Structures are given as C-alpha cells and as structure tokens.
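Next come a sequence and a model predicted from it.
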Amino acid sequence: MLNEAITNLSRRERQIMDAIYRLGRATVQDVLEQLPDPPSYSAVRALMRVLEEKGYVKHIQDGPRYVFYPTISREKAKKSALKHLLTTFFNGSLEDAVAALITGAPGDVSNEQLDRLSQLIEQAKKTGKII
C-alpha cells in the first residue's frame with residue numbers, strides 16, 4: 001500500500017522526502033535549505049503536511065517547530081522505487097536492468113564494481129536469495 005505508492009509522489013514531494021531521508025529528521029526550514037530552486041517556506045510547509053496526510057512522514061513538536069521524520073525506512077523506499085523502475089522500464093526484468101547499467105558508456109562501470117557484482121551474484125546463488 002504505502003510502499004507501492006512511494007513512487008507516486010510529485011517531483012517536489014520526492015525532493016522533500018530525499019532531504020528528510022538525508023537529514024534523518026528535519027524542520028521545514030531544514031528541508032527548504034536542501035531543495036534545488038526552492039519554493040517559498042509556506043509552499044514547503046504545505047507539501048510536508050500533504051506528505052504527512054499521505055502517510056510518508058510524521059512530526060513531533062520541538063518548542064514552536066515541527067520536526068518531521070519518515071514513516072518508512074529509506075531501504076524500503078529504495079526497494080519500492082526499484083520495483084517500480086523495473087516494472088515501468090524493463091518489463092519487470094532484473095536482467096535487462098542490470099544489462100542496461102553495465103553496457104552503458106565505456107568507463108561507467110569499473111572492474112572493481114563488476115567484481116563486486118559477481119560476488120553478490122555468487123552469494124545470492126549460494127543462499128538462494130537476493131541480498
């Protein structure tokens with residue numbers, strides 16, 4: 001439900017969530033300082049309220065300020081976004097997505113990165129699960 005919907009955020013909502021994940025906990029002012037080409041303070045405050053209504057963040061009161069924090073871990077959000085990416089652009093194929101990443105422009109992937117990927121694949125084969 002919420003995990004699947006994390007990809008249905010607007011560009012600005014995603015930027016705000018990214019800022020909150022980076023900071024761990026954040027006030028409206030903290031987020032405002034993290035945004036590229038930031039809108040007004042009141043616009044950020046309104047978007048953070050929307051994110052709270054959607055269930056992505058909660059807040060605690062710290063004196064006169066609200067401090068917001070994410071309701072799901074960044075790891076769960078990454079998995080949800082990756083699943084959405086695979087479904088949307090690669091017809092659900094992990095193989096096609098990895099192939100697109102490693103056959104990009106020359107020099108995009110180092111030999112060390114390829115070695116690490118090979119190790120991860122071998123480990124997944126041994127354990128029967130993706131890490």
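Sure thing, it's come through.

can you pull the pLDDT of residue 67?
According to the prediction, residue 67 has pLDDT 98.

Tell me which residues touch it, please.
25, 26, 27, 59, 60, 61 (CB atoms under 8 Å, 6 or more residues apart in numbering). Quick note: C-beta positions are derived from backbone N, CA and C, even for glycine.

if you set the cut-off to 6 Å instead, what comes out?
25, 27, 60 (CB atoms under 6 Å, 6 or more residues apart in numbering).

Among those, name the buried ones.
Buried members of the contacts of residue 67, counted by 16 or more other CB atoms under 10 Å: residue 27.

can the contacts of residue 67 go into JSON lines with extra columns for pLDDT, secondary structure and distance to residue 42?
Listed next are those as JSON lines, based on pLDDT from 0 to 100; DSSP: H, G, I helix; E, B strand; the rest coil; distance: CB to CB, whole Å:
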{"residue": "25", "pLDDT": "96", "secondary structure": "coil", "distance to residue 42": "21"}
{"residue": "27", "pLDDT": "97", "secondary structure": "coil", "distance to residue 42": "14"}
{"residue": "60", "pLDDT": "97", "secondary structure": "strand", "distance to residue 42": "21"}
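
And the contacts of residue 67, which is closest to residue 126?
residue 25 (38.6 Å; CB to CB).

Phi and psi next, for the closest one.
phi -140, psi 150 (degrees, to the nearest 10).

What separation do you get for it and residue 33?
14 Å (CB to CB, to the nearest Å).

pLDDT below threshold where in the chain?
For the chain, the stretches with pLDDT under 70 are 1-7, 105-106, 130-131.

any chance you could map the helices in it?
Secondary structure of the chain (DSSP state H): helices at 2-5, 11-23, 28-34, 41-54, 74-90, 94-102, 111-127.
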